[in-house]
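# Next one to model:
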Amino acid sequence: MRNSAALILMLFLCVSITVQAQQASYTEAKSLLEKTKYNQKRGNLEGAIGHALLGLDQAETLGNQELIIEFKEVIGNIYLSKRDYKKAVNSYLGIILAAERQNDQDNLGKGNLALAKTYSSMGAYEKATDYYQRAIKNFDDLGKKREKASAIQELGYNYSRSNQFDKSISTFETLLKLAISESLYSYISTAQKQLFLDNIKTNNAAQSTKYGLAYYDRIKDKGDNANLSNITRNLALQFIKIGDNKNAIKYANISVSKDAQSTMSLEALGKAYASSEEYSKAMQNFENALASNERKRNPEGMARNYNQMAELAIERGDLRGAANNLEKAEKIGIERNTRITLLDTYKMLTLVNQEKGNETQEIKYKSLYEAVKLQIGDPDRIRPKLSVAKENLAESYEQEARARISTVENRKLAQDRERLKAQQKLKDIEIIEQQARLQAQELQKKKLEAERAKQELLITEKTNEASSREAELERLQIDAELQKLSEAERSKELELLEKERKILRQQTELQSEKLESDRQAKMLYFIAIGATILILAILGIAFYRTYNNSKTIREQNQNLAEQQKTILNRNIQLKKSSEAMLAMNNKLKKAHVNLKVLLKKEQAIKEQLEKTNLDLKNTQVHLVQAEKMSSLGLLTAGIAHEINNPINFVSSGVQSLTKNFGEIESFLGNYQKVLALDSFDEIKKYAEVLKEDEDFLSEIEDSSKELLEDVRYGILRITEIVNGLRSFSRHDEAEVKETDINESFDSALLILKNKYKNKTEIVKDMDETMPQVQCFPGQLNQVFVNLINNAIDAIDDEGVITIKTINLDDQSIEIRISDNGSGMPDDVKDKIFDPFFTTKEIGKGTGLGLSISHGIIEKHNGKIRVESKMGVGTTFIINLPKKLEVDDKILEEENLKLG
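Just a heads-up that it's a prediction; the model follows:
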């Protein structure tokens, strides 16, 4: 029963610890989310993604869908910022699939919108359009107008980026109507601005000025000078196209006033004056723009300005001035390869030479114009930016992400099934324990009832015995009283007889005296009468006393009769008590039979509890194995990353060496050609070639040496890692071996290198006099990895882990593993070796690492303790004997674990 109670208590503690761990993990996950957003805001994307991935693991372990979606959304945003589209697609598609399973239209809309932005950013505009339309429908179904407007806006931008301006204009017109009807004022401005810009690109000047003026009226008082300058400049250019020169000059002047340093605004003002045939003002603005571009060292702008001044000169009929400016524009265009300005330059040079009648130069510049146009295409022609390759790439990303998510979900489902099985098994065990507890309580109750009946029976027996004794005592008292009465009566009778005898004797004496003293008869007559009276008085007194004595005897006899009646009643009660005792004996017999049955049931429960205990031990073994597999997964990932660098060294070196050997083959081919020649003159011709080859061969030789050194380093590094793994993987050794503890730490650090190398400095203070220690090497390696891994986790940003070994004396050694992390409070420090206790988030720790480590150290007849202070750090101290004595039972258990 005590084992059952302990097991129930352990299960209760496990549940309590799990609940507390889940609460702590939720708080930690929220903290990680805040850290992620903070780092993302600061531009520290690597730090942000590290926190986000940790938080996602916790959220998935907790099963908190809200947190999972939040983390996936922010992870997708980070990858999108890094232009890692493949991972962004994976994150956003995960949100969509999770929302579809839960019929969560809100998150489905958000996921569709985010995935659409990703596809649009990578240039897969058609696929982006599909997801934008899905998001619009999601938000429309939910009645979320603002979110719907946001999705429509992004769809319009997607059309605009892909040069599908007709669709973009249609989309933003829809947005404008929605924004006006729903009073979404910010979207009104957005729609007007984009309609203004898109109509400019489609050369629809009338519509562009309409939307441009509406947009300008909305923002003119908001003080954004840069934006106002851009809008009014473009408005001026559109007014020029529709021939409204007055408004063109007006808005161009506004543009310049808002940003006097903008060369584009000066150019727009120059064009506006040129359209109004105010050539001097136009030239002045073009010259100002040129001076500004010269100060800014903007050659493309300078070339453009020369072209503008040339165009103005052509309009004025100044062909010489135009040619002079075009010559400067051509020079800059050729030097800087500014082909857009070159196209305009050659076009105007063709026109100038045509006007001059210089046919040769006209043909020349016309051919140059056609050549540049062939290179860059028609700049006025708008082609949709739709790429089949990018659409296929996006589709491949999506299919790969779906496959990956499906695989992960299947694995999670399998893990969930196993977890549910384990939980069900624990519940079954708990039910069995409850049943056993209830049966034990019932058995205890019946035992108490039997004990109570037994006590009542004993009380009845004692009561009956006391009653019998009282009755016997009363009877003896009555007998004694009767005997006393009989003796008193006899004594009274004897007294009467004695008195009668005395009277008779007196009578005899009187008669004799009468006979003797007849003579004195007369004299004695009065004496005789007096004597007679006296005798009669005496007899009367005796009679009275006798009568009283008889009355007392009768009363006593009556009392005896009543006492006999009482004794009879008590005998009847004793008889009834005897019958009750007989009935109680029967009950006791039945209780005894029931007790035997309960004992049999208790034996069965005991056997079931033993079986349950065995199952729990098996479950514990599986949990320990799971902890080992979890650690193995972490370590495998680290080793895979760690071994990747030397493999890259080898791979890169081999590729470069292969290329060098190809060059050497070419060099040998030249030598073979020379060796095949007979003429010295021909050989001499090849001297310079061979000399160049020799110089190049020397470079190849030096390069090959360096490459071979790189390959050698990579191979040595791989060998070091493999040897470390071989040392670490000695978990299958079920026998005691002598081991170098210092080398064991090297293996453990090698396994964890990928985890600590960019975060933690490792300081090793190894005692060189440390002898080899008898131990289970693989198990100690597991302890060292667990403790170092915990130390790494305890350090938030950067820190130091110190490993120290001490050769204490002839009998023992000491190991200290210290970190300068956050430390532990006393309540945590007291529980760290308890099974399932962990301060890590769920998914990062099972609470078995330190418990297993504690068990391993105890198996080695050693001791492990912890010293920790909040804000200072933690130190684990291990004391181990140099010689390990283990019995056959432990070795047998180790073999069973391995077998």
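# For the rest of this, base every contact and every neighbour count on C-alpha atoms.
Noted.
# Which residue ranges of the stretch 301-450 of the chain form helices?
319-336, 339-356, 359-376, 388-516 (DSSP state H, counting those that start in this stretch).
# Check the stretch 1-150 of the chain too.
Using DSSP H, counting those that start in this stretch, helices in the stretch 1-150 of the chain cover 2-42, 45-62, 65-81, 85-102, 105-121, 125-142, 145-161.
# could you give me the average pLDDT of the fourth one?
In this model, helix 85-102 has a mean pLDDT of 88.
# Contacts for stretch 147-160, please.
If you take C-alpha atoms under 8 Å, 6 or more residues apart in numbering as the criterion, stretch 147-160 is touched by 113, 117, 120, 125, 128-129, 132-133, 135-137, 139-140, 165, 167-169, 171-172, 175, 178-179, 187, 191, 198.
# what's next to stretch 305-314, contact-wise?
So stretch 305-314 is contacted by 267, 274, 279, 283, 286-287, 289-290, 319, 321-326, 328-329, 341, 344-345, 348, 352 (C-alpha under 8 Å, 6+ apart).
# OK, contacts around Y756?
I792.
# now Y273
Here Y273 is in contact with 245, 249, 279, 281-282 (criterion: C-alpha under 8 Å, 6+ apart).
# Recalculate using a threshold of 7 Å.
By C-alpha atoms under 7 Å, 6 or more residues apart in numbering, the contact set of Y273 is 249, 279, 281-282.
# got the buried residues for the helix or strand containing it?
Assessed by DSSP states H and E, Y273 sits inside helix 263-275. Residues of helix 263-275 classed as buried: 263-275 (neighbour count, 16 or more other C-alpha atoms under 10 Å).
# Closest one to S229 out of those residues, please.
S265 (7.3 Å; C-alpha to C-alpha).
# wait, isn't that closest one in contact with I254?
No. S265 lies out of contact with I254 (C-alpha atoms under 7 Å); the separation is 9.0 Å.
# For those two, list the residues in contact with both.
With C-alpha under 7 Å, 6+ apart, S265 and I254 have no common neighbours.
# Would you quantify the distance from I541 to I533?
12 Å (C-alpha to C-alpha, to the nearest Å).
# Apologies, that question was intended for E278.
E278 is 193 Å from I533, by C-alpha to C-alpha.
# now R42
149 Å.
# Any of the contacts of Y273 buried? List them.
249, 279, 281-282.
# Give me the subset of these lying in strands.
Counting by DSSP state E, no part of the buried ones among the contacts of Y273 is found in strands.
# quick one: which of those is nearest to S868?
I249 (76.6 Å).
# Distance check, the closest residue to that closest one other than its chain neighbours against R417.
Closest residue to I249 apart from its sequence neighbours, by C-alpha to C-alpha, 6 or more residues apart in numbering: A272 at 5.2 Å. Distance check for A272 against R417: by C-alpha to C-alpha, it reads 75 Å.
# Likewise for T61?
Distance from T61 to R417, by C-alpha to C-alpha: 14 Å.
# Between these two, which has more neighbouring residues?
T61 (18 against 12; other C-alpha atoms under 10 Å).
# Checking I803 next. Helix, strand or coil?
strand (DSSP: H, G, I helix; E, B strand; the rest coil).
# correct me, but it touches D765?
Yes. I803 is within contact range of D765, at 6.0 Å (criterion: C-alpha under 7 Å).
# okay, these two: which has more neighbours?
Set I803 next to D765 and count neighbours by other C-alpha under 10 Å: I803 wins out with 21 against 13.
# and stretch 752-767, how far apart are its ends?
End-to-end for stretch 752-767, by C-alpha to C-alpha: 22 Å.
# Give me the buried stretch members for it, please.
752-756, 760, 762, 766-767.
# Could you do stretch 207-214 as well?
Those would be 207-209, 211-214, for stretch 207-214 by 16+ other C-alpha under 10 Å.
# Among those, which ones are in helices?
207-209, 211-214 (DSSP state H).
# All set, thanks.
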